[in-house]
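1. I would like the atomic coordinates for the input below:
(one chain, ligands or ions: 2)
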Amino acid sequence: MDFRGAQRERILALLAERGGATEGNVRAISAETGVAEADIWGAGHFYGLLRQDGPKTLVCDGLTCMALGAEDRKAALLAAGHDCAPSSCLGLCDVAPAAIGPDLAPLAADDRPCHLSPNDPELPINLSGPRSAAYAAFARAKDLGPDAVIAEVAASGLQGRGGAGFAAHIKWTGVRGQADPVRYVVCNADEGEPGTFKDREVIRQQPEKLVEGLAIAAWAVGARDIYIYLRAEFERERRILVDAIAKATAGPLGGYVFHMVRGHGAYICGEETALLESMEGKRGMPRLKPPFPTERGFRGKPTLIHNVETLACVPDIILRGGERFRALGRKEAGAKLYCISGHVARPGIYELPLGVTLDELVAAAGGYVGTPLVFSPGGASSGFLPMSERGRPLDFGSLAAVGSMLGSAGAVVLNDTADLAQAVVWQLHFFEHESCGQCAPCRIGTRWIHGAMRHYLHSGDPAALGDVADVAWEMAEGSICGLGQIAALPLTSAVQHFPERFGPRPAAQE
Ligand SMILES: Cc1cc2nc3c(=O)[nH]c(=O)nc-3n(C[C@H](O)[C@H](O)[C@H](O)COP(=O)(O)O)c2cc1C
Ligand code: SF4
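-> Ligands and ions are numbered 1, 2, ... in the order given. Prediction:
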């Protein structure tokens, strides 16, 4: 890496340490690093946590929190003297409506243990099980050798758990096959999809499985440096990971160099190439693909990027075999961490066969609260489905077949007390707020479609939604990343499945 690149990689961390992108900080960091002030302004102001005027109490405005009373929570916090700001999903949907303090820790009332599957040693991740720092899977991986390790991952049928469901072993083979001897492994722990909080819980409960999965991946693809990009709001999780890494690298994982990289409050940095840009100290704007990160990733080098859950499955696959892992699923391979929140009795994380139905998932979570109306199977990006789909397998293929997606498996259920049109507005607000703005169809479309929907809610006139289908098509066709491609789905899917809820309605009272 050249000197300028090295300096540039420091600027976001320096801004965060010094309290954000203020005039004084930008000038001082420019003098220190040689990076132009304009570049530092541009990068810093991209990130929600760097452009804020001082730390605040952040009140989540994600779907689950809004449906369960975030507005009332905010009013109560303001009345109690908190300096509040809204935030996109905080990854605390199990304790919704959630808020975090200026120190980025959950407020005391929100600091409750998450409901989890009971301890079961048959489960690959087994969140409720005992922690182990034996690193036996890493030892076995070394005995097997890289090719056999990748063959085991292939046999497991492991699909990436970050959203796209791409076969993991293909990426491992791709990175391993690159001519460049410098390769990186990156863990995507930027979890920010509304409804999703599983990676948080892997880090809290089984950090060693993540650390071991990373080391096995690095061993298999020939990397030494491992980066973990963790969202800033997971401060407690950062400390847990740092501790697990320190112990592991003082022992069996001594040959690896782990680097923690902090996010700064931008959902789009979960997109893998935006994440790489952010690691390089830039605005988190997705790159055009190809080239894929396996060929040209971090610092232009071959890079293996995986989600936390994907990596945490790897030790089990190596220790107990890929075929065993595969057999845990139904139509698709493996067990899966499902998040469930909203109108259910015990919102939490349940590790179940990949392909369970919503009814099975909700049964694990203690049942529905009230009469369920609608669900979102995999985060905001998956749109809404009617309860007639409650028996559909929650897997990648079965949900894609109905125009939805498993995504990050952040399922949210709303019962018949919810106003679906209002729920759509919350999801559209999220995408407008989180668009990085580089593609016109996404930048303009997310704003337009959100505006049209608010106009409909205000006026009660369905004509406000007349051009939605055309704009949604433009967005899907003209956007370079998944955000713009699916940002209209909360509205188009809701209209498709619940046309009766988008007819004339009483105009909103001033
Ligand atoms: C808008 C957007 C946001 C994303 N956010 C995340 C995220 O928070 N965490 C994650 O692991 N993957 C996220 N992804 C998927 C990543 O781009 C990438 O596919 C994933 O990290 C690869 O890991 P996997 O193979 O283990 O799934 C996102 C994708 C898009 C388009
Ligand atoms: S689709 Fe939207 S979020 Fe994705 S790169 Fe384009 S403008 Fe950015």
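
2. For the rest of this, base every contact and every neighbour count on C-alpha atoms.
-> Fine.

3. Domains in this structure, by residue range?
-> Split into domains by automatic domain parsing, the chain comes to 3-45, 57-112, 116-327, 335-368+391-413, 420-502.

4. Does the top helix by length along the chain reach ligand 1?
-> Identified as the longest helix of the chain according to DSSP state H is helix 440-459. No: shown here: helix 440-459 not in contact with ligand 1 (Cα under 6 Å from any ligand atom), separated by at least 11.5 Å.

5. what helix or strand is the residue in the stretch 251-400 of the chain positioned nearest to ligand 2 on?
-> Going by Cα to the nearest ligand atom, ligand 2 is nearest to P286 of the stretch 251-400 of the chain, at 4.9 Å. According to DSSP states H and E, P286 maps onto no helix or strand at all.

6. Leaving out the residues flanking it, which one is nearest to it?
-> Take P286 and drop its neighbours on the chain: the residue closest to it by Cα to Cα, 6 or more residues apart in numbering is A274, 4.1 Å away.

7. What number of residues are in the vicinity of that neighbour?
-> A274: 22 surrounding residues under other Cα atoms under 10 Å.

8. check whether the helix or strand harbouring it contacts ligand 2.
-> In this structure, A274 sits in helix 272-279 according to DSSP H and E. No: using Cα under 6 Å from any ligand atom, helix 272-279 never reaches ligand 2; the gap is at least 8.2 Å.

9. Tell me the first helix or strand C-terminal of that helix.
-> strand 303-307.

10. What's the mean pLDDT across that next one?
-> Throughout strand 303-307, pLDDT has a mean value of 98.

11. for the helix or strand that it is followed by, which positions count as buried?
-> Once strand 303-307 ends, the next helix or strand along the chain (criterion: DSSP H and E) is helix 308-320. Of the residues in helix 308-320, V308, E309, T310, L311, A312, C313, V314, P315, D316, I317, I318 count as buried by neighbour count, 16 or more other Cα atoms under 10 Å.

12. in the helix or strand where L483 lies, what's buried?
-> Using DSSP H and E, L483 falls within helix 482-486. Along helix 482-486, these residues count as buried under the neighbour rule (16+ other Cα under 10 Å): L483, G484, Q485, I486.

13. got a list of contacts for it?
-> Residues outside helix 482-486 that contact it (Cα atoms under 8 Å, 6 or more residues apart in numbering): 268, 381-382, 431, 435, 441-443, 446, 475-479.

14. Only whichever of the residues you listed are buried, select them in PyMOL.
-> One line in PyMOL is enough to select the buried members of these, burial here meaning 16+ other Cα under 10 Å:
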select buried, resi 268+381+382+431+435+441+442+443+446+475+476+479
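
15. Give me the subset of the contacts of helix 482-486 lying in strands.
-> Assigned to strands by DSSP state E, none of the contacts of helix 482-486 qualify.

16. now, which of the contacts of helix 482-486 sits nearest L14?
-> Within the contacts of helix 482-486, the smallest distance to L14 is 20.9 Å, found for I268 (Cα to Cα).

17. Just list the residues touching the closest residue in space to P441 that isn't next to it in sequence, thanks.
-> Excluding the flanking residues, the one nearest P441 by Cα to Cα, 6+ apart is M475, at 4.9 Å. Contact partners of M475, counting by Cα under 8 Å, 6+ apart, are P441, C442, G445, G484, Q485, I486, A487, A488.

18. how about a cut-off of 7 Å?
-> Contact analysis of M475 by Cα atoms under 7 Å, 6 or more residues apart in numbering lists P441, C442, G445, G484, Q485.

19. What of A248?
-> G254.

20. Next secondary structure element downstream of the helix or strand where it lies?
-> In this structure, A248 sits in helix 235-249 according to DSSP H and E. Next along the chain after helix 235-249, taking DSSP H and E as the criterion, comes strand 257-262.

21. Quick check: phi and psi at G410.
-> Torsion angles at G410 (phi, psi; degrees, to the nearest 10) stand at phi -100, psi 80.

22. what does this protein put close to ligand 2?
-> Checking the chain against ligand 2 by Cα under 6 Å from any ligand atom, the hits are 285-286, 435-439, 442-443, 479-481, 483-484.

23. What is the nearest of these to ligand 1?
-> Distance to ligand 1, by Cα to the nearest ligand atom, is smallest for L483 among the residues of the chain next to ligand 2, at 4.3 Å.

24. picking that back up, can you list the contacts of M475 in a markdown table and add distance to V402?
-> As requested, these are exported to a markdown table (distance: Cα to Cα, whole Å):
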| residue | distance to V402 |
| --- | --- |
| P441 | 24 |
| C442 | 23 |
| G445 | 23 |
| G484 | 19 |
| Q485 | 16 |
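
25. The residue nearest to P286 and M285 touch, don't they?
-> Yes: counting by Cα atoms under 7 Å, M285 is a contact partner of A274 at 4.7 Å.

26. Quick check, pLDDT for Q509.
-> Reading off the model, Q509 has pLDDT 64.

27. Let me fix that, I meant to ask about V344.
-> 98.

28. Distance of the nearest residue in space to it that is not next to it in sequence relative to I349?
-> Distance criterion Cα to Cα, 6+ apart; nearest residue to V344, sequence neighbours excluded, is Y368 at 4.4 Å. Note on Y368: its distance to I349, by Cα to Cα, to the nearest Å, is 15 Å.
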